[in-house]
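Q: one predicted model, sequence on top.
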Amino acid sequence: MPPVEDHRIVCHLDEILERRGMTLVELSHKVEITVANLSILKNNRAKAVRFATLTALCEALDCTPGELFTLDEEE
């Protein structure tokens, strides 16, 4: 099995929630994802995201995947 590579994808869930005036608990109820799993995503510890989850998040937050995630530039 190849070694796990670090990724440079950054999740901006915390900024979007703040702009929307929404809490993680409220989002959890809207998208039916646990607060713990949303927290993993928000804190950039997620290793993968299902398209169904991404769709639900974008619909609930009225955003696009490009607003929710960006690619951190290499140093």
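A: It's in.
Q: where do the strands sit along this structure?
A: Ranges of strands within the chain are 9-11, 69-71, based on DSSP state E.
Q: now those strands as TSV including distance to residue 43?
A: The C-beta positions use only the backbone N, C-alpha and C, and glycine is treated the same way. Output for the strands of the chain, formatted as TSV (distance: least, C-beta to C-beta, whole Å):
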stretch	distance to residue 43
strand 9-11	8
strand 69-71	14
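Q: against which helices or strands is the longest helix seen in the chain packed?
A: Secondary structure of the chain per DSSP state H: the longest helix is helix 51-61. Packing contacts for helix 51-61, counted by 3 or more C-beta pairs under 8 Å, 6 or more residues apart in numbering; DSSP states H and E, involve helix 13-20, helix 24-31, helix 65-68.
Q: shaky segments in this protein?
A: 1-5, 75 (pLDDT under 70).
Q: so what's residue 27 up against?
A: The contact partners of residue 27, by C-beta atoms under 8 Å, 6 or more residues apart in numbering, come to 17, 33, 38, 57, 60-61.
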